[in-house]
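Asks: pasting the structure only:
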């Protein structure tokens, strides 16, 4: 039955057990840590883990959290995050994390146990059709049915996960494959048979892009997560390009940190809860340079009113992202780093002068929009405004000069974090953008802290989201991970409540966070420190104490319950139809049923 | 999808894929998951070692959707090559059909006369039925099936279209 006996390994192959092959392949691919949860089908791998020291295993409390932790690890380091779960429920629990990584293009490898090959299809105990279930949840997946394929599949999975547009890869490992002897071969330098993503941009597209941008009167750079994924050098090149061209730059939610928030040329985030100046500049520009973003519906608003007068340049590593939602004039397929390097060269080579007076006039217009101060809020009573809580958190971490990594859950607090926390470097901001997964932030923060043991890692959370993976407090305690959970507690699923207020007549159907735990006691029961800020006078003290404590902390920040997240482009509206402030909701009353259909 | 440009068109797309487990499910899942049409789909190994299969899929959509379908297919890991035969030059499309017709007396003669006109072959016969085999493009088979219906059409089995470009150039060149 053993495949190894059917096909004798070649002389250079080393014969190990399948489980040993798995670990050896992980090690040879530079893996130092994996996040997992044991179970019957993966016991052989756990047995091998026990007998080695090269790879550290972090025991999570739920498989979904293992994937988010691997995502946090990957996003904060640029490396592949690795997950190990058992068959059946282990694999199905991981699915949300996999789709999250797929939507946000995060390189993750998820090893799933499987029942032995002879039992596949028999409804065996803890059997699930993992490759079937995860096919649309992954960039690619494998079921290893022959021992001789094992080491090749392991190496190939790393290549697939991190090359081109990164994404999650599942390797389903039947238990007999893990126990039987298997040949181990090192990764070959041979290119993949069918998958060879293009990374170097076409010179003609670059020249055309530069020609358009150089002659633009109202240009804008719209940069997304692709710049982050292309590595820190891409962010450095983006800075260089934006500065040498004098253009305004906006970032997507996924792209925050690709361009420094403090830079005067930065317009802030764009999109549904982006800044007024970023959205109006997108609406009014004459040439748009999209680098590593995908014209997501949160960004574009109503498509037929999106940036109506502009020529659009779109550089993306994934050809299927180009011309998907928005028809573009200059498509460029390539890695963001390579594209930016080529753009800088071509900009220098193109001798046409820029119309500096037009650019100056454009900036005057932008300054006018900036003058609206769309993120202004009034902290007037003793009740903490959630915006103020994030702003103070940002200011205090800056003042302390700590290298700070922020993760979030999903909802209003996430948008406030994106708006009020500034990022000057890439890989410091981990949020679930595409899938919008509540429960992402705490496990992601775990992964970040594992990768950066000395950094300050804060999960900006809501009281509803945090409960979705609260069990991971146990993991923080076990590994002494001093993650700070900063809960903006308004006792509502705030974003749901906001939409109900604005679009559903204030009928707050099931959006109240009833029967909440006492977060201070909850923290204590998980061997962490709990603290609470009930009013504005407590806020700075709690933030400073939270940061000073070298242990996991939950800081329960009681914030104004009825605050809404502004500015906002209502569903089905255009960029220039933003609502700036609560007083201005006339715009929302006009949302059509067509708009309401949109999520 | 309100801002898509142009009208609908049909596209015959050839996809060369690594012949591995689940590859067909991946292609079909892509169409269903993203809401694209499949008018027909055929698949079989086409190289000497059985390592590579050719999928011919006939679909329809606006130009933007067809371009998107091709880009989505092309980024699947086991896909070697995606070729839009309908716009890449002249090509041939063929389909095979097995058609069972039941009847007696003069109807049998009429079936054979029409079969002859359409170059369909009799591959099975009883005293009250024929199974006819025919190849051609979809329109021809549609026309023949329509003629058989009033005579005594019992059953039709069709392969869906296979297609290839005219001329000396191979798909991987």
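Replies: Structure's in. What do you need? The structure displayed is predicted, hence computed values, not measured ones. Residues are numbered from 1 along each chain as shown, chains lettered A, B, ... in the order given.

Asks: Would you map the helices across chain B?
Replies: With helices called from DSSP state H, chain B shows them at B:23-33, B:63-74, B:106-117, B:138-152.

Asks: which other helices and strands contact the last one?
Replies: Same thing as helix B:138-152. Here helix B:138-152 is seen to pack against strand B:91-102, helix B:106-117, strand B:129-136, strand B:153-158 when contacts are counted using 3 or more C-beta pairs under 8 Å, 6 or more residues apart in numbering or on different chains; DSSP states H and E. All C-beta spots, glycine's among them, are computed from the backbone N, C-alpha and C.

Asks: Report the contact partners of the nearest residue to residue A:145 once chain neighbours are set aside.
Replies: Counting by C-beta to C-beta, 6 or more residues apart in numbering or on different chains, residue A:117 is the residue found nearest to residue A:145 once chain neighbours are left out, at 5.7 Å. Counting by C-beta atoms under 8 Å, 6 or more residues apart in numbering or on different chains, residue A:117 touches A:145, A:174, A:176, A:177.

Asks: out of those, what pair is the most spread apart?
Replies: Spatially, the most separated pair among the contacts of residue A:117 is A:145 and A:176, at 9.8 Å (C-beta to C-beta).

Asks: So for the two, which sits in the more crowded spot?
Replies: Regarding residue A:145 and residue A:176, a neighbour count based on other C-beta atoms under 10 Å in any protein chain shown identifies residue A:176 as having more, with 20 against 16.

Asks: So for residue A:589, what's the pLDDT?
Replies: In this model, residue A:589 is scored at 57, pLDDT.

Asks: In the stretch 101-250 of chain A, where is pLDDT below threshold?
Replies: Applying pLDDT under 70 to the stretch 101-250 of chain A picks out no residues at all.

Asks: Now the residue nearest to residue A:527 when sequence neighbours are not counted: which helix or strand?
Replies: Using C-beta to C-beta, 6+ apart and skipping residues adjacent in sequence, the residue nearest residue A:527 is residue A:477, 4.1 Å away. With elements taken from DSSP states H and E, the one containing residue A:477 is helix A:473-478.

Asks: Could you give me the buried positions within that helix?
Replies: Going by neighbour count (16 or more other C-beta atoms under 10 Å in any protein chain shown), the buried part of helix A:473-478 is A:473, A:474, A:475, A:476, A:477.

Asks: can you list the helices and strands packed on helix B:138-152 in JSON lines and add mean pLDDT?
Replies: As requested, those are arranged in JSON lines below (pLDDT from 0 to 100):
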{"stretch": "strand B:91-102", "mean pLDDT": "97"}
{"stretch": "helix B:106-117", "mean pLDDT": "96"}
{"stretch": "strand B:129-136", "mean pLDDT": "98"}
{"stretch": "strand B:153-158", "mean pLDDT": "98"}
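
Asks: Which one, of those, ends up nearest to chain A?
Replies: Nearest to chain A among the helices and strands packed on helix B:138-152 is strand B:91-102; the distance by C-beta to the nearest C-beta comes to 22.9 Å.

Asks: tilt between that closest one and helix B:106-117?
Replies: Strand B:91-102 and helix B:106-117 are oriented at 170 degrees to each other (axes from the mean of the first three to the mean of the last three C-alpha atoms, to 10 degrees).

Asks: So which elements touch strand B:91-102?
Replies: Strand B:91-102 is packed against strand B:129-136, helix B:138-152, strand B:153-158, strand B:162-165, with contacts defined by 3+ C-beta pairs under 8 Å, 6+ apart.

Asks: can you list contacts of it?
Replies: Counting by C-beta under 8 Å, 6+ apart, strand B:91-102 makes contact with B:12, B:40, B:85, B:111, B:120, B:123, B:128-138, B:141, B:144-145, B:148, B:151-166, all of which sit outside it.

Asks: Just list the residues touching residue A:20, thanks.
Replies: When contacts are counted by C-beta under 8 Å, 6+ apart, residue A:20 touches A:48, A:184.

Asks: Which residue is the nearest non-sequential neighbour of the closest residue to chain B within the stretch 451-599 of chain A?
Replies: In the stretch 451-599 of chain A, the residue that lies nearest chain B is residue A:594 (9.3 Å; C-beta to the nearest C-beta). Using C-beta to C-beta, 6+ apart and skipping the chain neighbours, the partner closest in space to residue A:594 is residue A:572 (5.6 Å).

Asks: For that neighbour, give me its contacts.
Replies: By C-beta under 8 Å, 6+ apart, the neighbours of residue A:572 are A:301, A:302, A:591, A:592, A:594, A:595, A:596, A:597, A:598.

Asks: go again using 10 Å as the cut-off
Replies: Residues counted as contacts of residue A:572 (C-beta atoms under 10 Å, 6 or more residues apart in numbering or on different chains) are A:301-303, A:305, A:590-598.

Asks: any idea of the pLDDT on the closest residue to chain B within chain A?
Replies: Residue nearest to chain B within chain A: residue A:320 (3.6 Å; C-beta to the nearest C-beta). Reading off the confidence values, residue A:320 has pLDDT 96.

Asks: Just give the number of residues close to it.
Replies: The burial count assigned to residue A:320 is 19, neighbours taken as other C-beta under 10 Å.

Asks: so what's it closest to, chain neighbours aside?
Replies: residue B:71 (3.6 Å).

Asks: separation between the one you found and residue B:89?
Replies: Separation of residue B:71 from residue B:89 (C-beta to C-beta, to the nearest Å) stands at 20 Å.

Asks: which one of those two has more residues nearby?
Replies: Neighbours of residue B:71 and residue B:89, each counted by other C-beta under 10 Å, are more numerous for residue B:71; the result is 18 against 10.

Asks: can you pull the contacts of the closest residue to chain A within chain B?
Replies: Residue nearest to chain A within chain B: residue B:71 (3.6 Å; C-beta to the nearest C-beta). Contacts for residue B:71 were tallied using C-beta under 10 Å, 6+ apart; they are A:318, A:319, A:320, A:321, A:322, A:323, A:324, A:333, B:82.

Asks: Can you redo these as a markdown table, where the extra columns are distance to residue A:211?
Replies: Supplementary listing: the contacts of residue B:71 in a markdown table, determined by distance: C-beta to C-beta, whole Å:
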| residue | distance to residue A:211 |
| --- | --- |
| A:318 | 24 |
| A:319 | 22 |
| A:320 | 26 |
| A:321 | 23 |
| A:322 | 19 |
| A:323 | 20 |
| A:324 | 25 |
| A:333 | 18 |
| B:82 | 30 |
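
Asks: Return the entry from these with the maximum number of neighbours.
Replies: Greatest neighbour count in the contacts of residue B:71, by other C-beta under 10 Å, goes to residue A:321: 26 neighbours.

Asks: Assign the closest residue to it other than its chain neighbours to one of the three secondary structure states.
Replies: Sequence neighbours aside, residue A:294 is the residue nearest to residue A:321 in space, at 4.5 Å (criterion: C-beta to C-beta, 6+ apart). Secondary structure assignment for residue A:294 (DSSP: H, G, I helix; E, B strand; the rest coil): coil.

Asks: Quick check, residue A:294 in contact with residue A:319.
Replies: No: the criterion here is C-beta atoms under 10 Å, and residue A:294 misses it with residue A:319 at 11.8 Å.

Asks: could you show me where the helices are in the stretch 151-300 of chain A, in order?
Replies: With DSSP state H, counting those that start in this stretch applied, the stretch 151-300 of chain A shows helices at A:175-179, A:203-214, A:225-229, A:232-245, A:276-284, A:297-300, listed in chain order.
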